[in-house]
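**Q** Using only what follows, build the 3D model:
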Amino acid sequence: MTNNTVQNTSIDKTALDQDLSDLTAEKGEWAQTSIAKRISVLLDIKECLLPVSEKWAKTAGRKKGIPEDSALVGEEWISGPYTVMSACNALLQTLTKMEGKTFLNSLKKRKTQSGQLAVKVLPHSIWDHLLLSGVSAEVWMEDKVTESNLAQHTAGSYDVPPEQRKGKLALVLGAGNIASIAPLDVFHKIFNEHQVVILKMNPVNEYLTEFLNEALKPLIDLNVLRIVKGGADVGGYLCEHSDVNEIHITGSGASHDIIVWGPGEEGVRNKAANTPKLTKTITSELGAVCPTIVVPGPWSSADLKFQAENIATQKMHNSGFNCVACQMLILPKGWDKKETLLKTIEETIGNLDPRQPYYPGAADRLSEFEKSANNVVKFDRGTVTPLLVSSETDSTNDKYRMTEVFAPALATHEISELDPEAYLRAAVKFANNELYGTLGANIVVHPKTIKQMGKERFEEIIAELRYGTIAINTWSGLGFLTPACPWGAFPGHTLQDVQSGIGFAHNTFMFDKPERVIVRSPWRPFPRNLLSGELTLLPKPPWFVTNKKQDKIGQLLTQFQHSPSFLKLPRIFFNALRG
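**A** Here you go, the predicted model:
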C-alpha cells in the first residue's frame with residue numbers, strides 16, 4: 001500500500017530533471033549491454049550489499065518499532081537483504097545460461113490436471129534441497145505455453161539482438177512496507193526488460209535510501225539507476241514527465257487510480273469515459289483481501305499448534321502491513337476443531353513480542369473496521385493494539401470482503417459443508433466471487449485429507465482458484481521471498497478494473513506468460529514429521545513470526561547467499577533447530 005500523506009512544500013525539479021537526463025542518456029547503451037557486463041554488475045552488487053546488510057536490517061527493525069532484542073528483526077533480514085541477495089544469485093544463474101536458454105533444461109516440467117504446463121522452480125539447487133527441505137514452488141503457465149514452445153515464451157526480451165534494442169526509462173514507485181520490494185522491482189526492469197530506472201522511495205521507508213544507494217552503487221555508477229525521495233508531489237511530477245516511458249506501481253488500488261485517471265471528480269470522469277490521464281505503459285502490484293482456507297481434517301493437537309503459528313504468520317508478519325496478509329479466514333462451520341484452532345491462534349498472537357502498528361493511517365483504518373465490521377472481538381496483545389477479529393453472518397456488510405484493511409485486523413467466514421471436497425469447492429467459489437483482488441491465497445489442509453480427495457481431484461480444485469500465488473500449508477508470502485517465482489496478480493485485470501494489479505515482477509527465470517505460482521511446505525516440522533513418514537528436514541520455518549532464532553537465521557542465510565559453502569550449513573541448521 002502506497003502512502004501519500006507526506007508532502008513536500010516544494011520539490012527540486014532541477015535535480016529530478018538532471019537525474020532523468022542522466023538516465024535518458026544511458027538507456028540505449030544499457031539496453032545493448034552485454035550479458036557478461038550484466039553478470040559483472042550483479043556480482044558487484046553482492047559485494048556492495050553484504051557490508052550494509054546488518055545496519056539495513058537493524059535500522060528497519062527500529063523504525064518499525066520492533067524491540068531491539070527481538071527475534072522479529074529476522075523479518076527485516078529475510079524480507080530485505082536476504083531476498084535481494086537471493087535475487088542476484090537467481091539472475092546470475094539465468095544470465096550465465098542465457099545462450100540457447102539452457103537454464104530451462106534443468107527445470108522439471110509436467111502437465112497439470114487443468115492441462116497447463118507446470119515448471120518447478122524450487123528446489124533448484126543442492127542448497128535449496130538442504131535449506132528448504134520439502135518446500136517446492138511451481139509456475140503454471142498460460143494455456144498456450146507447452147513444453148515444446150516454453151523457450152519461445154521465456155526471456156523474450158533477450159531474443160532481440162542487442163544492437164536492435166531500444167532503451168526505455170521506467171519509473172518505479174516504491175512500496176513503504178517491505179524493504180526488498182523496491183530493489184526487486186528495479187531488478188526486474190533493469191535485467192528482465194533492459195530498462196533504466198528512476199526509483200521514487202515511499203516516504204514511509206525512505207530511510208532505506210542510504211542502504212540502497214550503497215548496495216546498488218554499481219547500477220548508479222553506470223547511470224542505470226537513480227533513487228529519489230519525496231511525497232506524492234514528486235511522484236506526480238515523475239509520472240507525467242516526458243522522459244519517463246513506463247511506470248511500475250506497488251501500493252493500493254486507490255493510489256493506482258489517482259495516477260492513471262487523476263484525483264477526485266476528474267478521476268471519476270476520466271474513468272467513466274475510459275480516458276486515462278496517463279497513456280504510458282503501467283504495471284502494478286496492488287493489494288487484496290487475501291483468504292486463508294482451512295480445510296477440515298484429522299488434525300492432532302500438535303498440528304493445531306503448528307498451523308496456528310502458520311496462520312498467525314500470514315496475518316502478523318510485518319505487523320499485518322502486507323498486501324498479501326491474510327484478511328479473510330475461511331473456516332468449516334461445524335468442524336469440531338474450529339474453536340480450538342481459533343483459540344490457539346489467539347494465544348499465539350498474544351505471545352508475540354509487542355510492536356505497535358507503525359504504518360501511517362493504521363489507527364483510522366482499525367477504528368473504521370471496528371465500527372463497520374460484524375461481531376468484532378479483540379485478540380489481546382498486551383501493551384500494544386489488539387488484533388481485531390470479526391465474524392461474518394448472513395447479514396454482514398460486505399465492506400471488508402471488498403476493502404483491504406492493511407492493518408492488524410481479520411475477518412472470518414464460515415462454510416457449512418463438512419465433506420472436505422465439497423467444503424473446499426465452496427471456499428474456492430467464495431474466494432473467487434466474493435473477495436476483492438487476486439494476489440495471494442492460502443490453503444491449510446492435512447495430507448490425509450488430500451489423499452482422501454485424491455491428488456488429481458485436489459489439483460483440479462486448485463486450478464479453479466484464481467490467484468497469482470497459491471500457498472498450500474504455507475504462506476503465499478513465501479512466493480514473494482522466492483525471486484524465481486513470478487509475483488503479481490492473476491492475469492486479466494485492466495486499468496478500468498485493476499484489483500491486484502497488472503503484470504508480474506521478480507520472475508528471475510524470465511517466463512513471459514506465467515499464470516500463477518503454487519508453493520508448498522511440509523505439513524509438520526522436522527523432527528515431528530518423521531513419525532508420520534515425511535522425509536523432510538525443515539524445522540519451524542524462519543519466516544514464522546514465532547521463530548525464536550529468525551534474526552540469527554536471517555543473518556546467516558544472507559551471508560550464505562553471498563558465498564554459499566557447506567562449512568556455513570552447521571550454524572544455520574543449529575539455529576534452525578532451536579527456532
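**Q** Secondary structure of residue 518: a helix, I assume?
**A** No - per DSSP: H, G, I helix; E, B strand; the rest coil, residue 518 lies outside any helix segment and is strand.
**Q** That one and residue 141 touch, don't they?
**A** No - using Cβ atoms under 8 Å, residue 518 is not in contact with residue 141; the gap is 12.0 Å. Glycine gets a C-beta too; all of them are placed from N, C-alpha and C.
**Q** who touches both of these two?
**A** Counting by Cβ atoms under 8 Å, 6 or more residues apart in numbering, the residues touching both residue 518 and residue 141 are residue 118.
**Q** Domain boundaries for this structure, per the record?
**A** 13-98+155-286, 290-489+512-525 (automatic domain parsing).
**Q** so which of those gets nearest residue 498?
**A** domain 13-98+155-286 (5.5 Å; Cβ to Cβ).
**Q** as a whole number, average confidence for that closest one?
**A** Domain 13-98+155-286 shows a mean pLDDT of 97.
**Q** Repeat that for stretch 125-139.
**A** Average pLDDT, stretch 125-139: 95.
**Q** Name the surrounding residues that touch it.
**A** Contact with stretch 125-139 is made by 118-123, 474, 478-479, 482, 484-486, 509, 511, 514, 516-522, 526, 529, 534, 536-538, 557, 560, 564, 569, 572, as judged by Cβ under 8 Å, 6+ apart.
**Q** Which of the three states applies to the closest residue in space to residue 385 that isn't next to it in sequence?
**A** Of all residues not flanking residue 385 in the chain, residue 357 sits nearest, at 5.6 Å (Cβ to Cβ, 6 or more residues apart in numbering). Of the three states, residue 357 takes coil under three-state DSSP.
**Q** swap in residue 310?
**A** Once three-state DSSP is applied, residue 310 turns out helix.
**Q** which residue is nearest the centroid of this protein?
**A** residue 480 (3.3 Å; Cα atoms, centre = their mean).
**Q** Now do stretch 555-571: distance to the chain's middle.
**A** 24 Å (Cα atoms, centre = their mean, to the nearest Å).
**Q** for stretch 405-420, that is, sorry about that
**A** In terms of Cα atoms, centre = their mean, the centre of stretch 405-420 is set 21 Å apart from its chain centre.
**Q** measure residue 145 to residue 416 for me?
**A** According to Cβ to Cβ, to the nearest Å, residue 145 stands 39 Å off from residue 416.
**Q** neighbour count winner among the two?
**A** residue 145 (22 against 10; other Cβ atoms under 10 Å).
**Q** Residue 379 contacts residue 409, doesn't it?
**A** No - counting by Cβ under 8 Å, residue 409 is not a contact partner of residue 379; they are 10.2 Å apart.
**Q** who touches both of these two?
**A** Contact criterion Cβ under 8 Å, 6+ apart; residues shared by residue 379 and residue 409: 387, 388, 389.
**Q** ok so, going back, can you flag the buried ones in the contacts of stretch 125-139?
**A** 118-123, 474, 478-479, 482, 484-486, 509, 511, 514, 516-522, 526, 529, 534, 536-538, 557, 560, 569, 572 (16 or more other Cβ atoms under 10 Å).
**Q** Out of these, name the ones that lie in helices.
**A** Counted as lying in helices by DSSP state H, out of the buried ones among the contacts of stretch 125-139, are 478, 479, 557, 560, 569, 572.
**Q** Can you add pLDDT and distance to residue 328 and give these back as JSON lines?
**A** What follows is those, written out as JSON lines (pLDDT from 0 to 100; distance: Cβ to Cβ, whole Å):
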{"residue": "478", "pLDDT": "97", "distance to residue 328": "19"}
{"residue": "479", "pLDDT": "97", "distance to residue 328": "18"}
{"residue": "557", "pLDDT": "98", "distance to residue 328": "31"}
{"residue": "560", "pLDDT": "97", "distance to residue 328": "36"}
{"residue": "569", "pLDDT": "95", "distance to residue 328": "39"}
{"residue": "572", "pLDDT": "96", "distance to residue 328": "35"}
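**Q** Show me where the stretch 401-550 of the chain has its strands.
**A** When secondary structure is read from DSSP state E, counting those that start in this stretch, the stretch 401-550 of the chain shows strands at 409-415, 440-444, 469-472, 486-488, 504-506, 514-520.
**Q** and of those strands, who's closest to residue 212?
**A** Nearest to residue 212 among those is strand 504-506 (16.4 Å), distances taken as Cβ to Cβ.
**Q** between residue 379 and residue 409, which one's more packed in?
**A** Ranked by neighbour count (other Cβ under 10 Å), residue 379 and residue 409 place residue 409 first, with 26 against 20.
**Q** tell me the contacts of the more buried one?
**A** Residue 409 is in contact with 320, 327, 365, 366, 369, 373, 387, 388, 389, 390, 400, counting by Cβ under 8 Å, 6+ apart.
**Q** Does the fourth one touch residue 400 like I think?
**A** What it means is residue 366. No - here residue 366 lies out of contact with residue 400, judged by Cβ under 8 Å, at a distance of 11.9 Å.
**Q** Of those two, give the one with the bigger neighbour count.
**A** residue 400 (24 against 20).
**Q** what's whichever strand or helix holds the more buried one packed up against?
**A** Using DSSP states H and E, residue 400 sits in helix 399-402. Based on contacts counted as 3 or more Cβ pairs under 8 Å, 6 or more residues apart in numbering; DSSP states H and E, the elements that helix 399-402 packs against are strand 326-332, helix 362-372, strand 409-415.
**Q** now the angle between strand 409-415 and the first one, please.
**A** Pointing back at strand 326-332 there. On the basis of axes from the mean of the first three to the mean of the last three Cα atoms, to 10 degrees, strand 326-332 is oriented at 30 degrees to strand 409-415.
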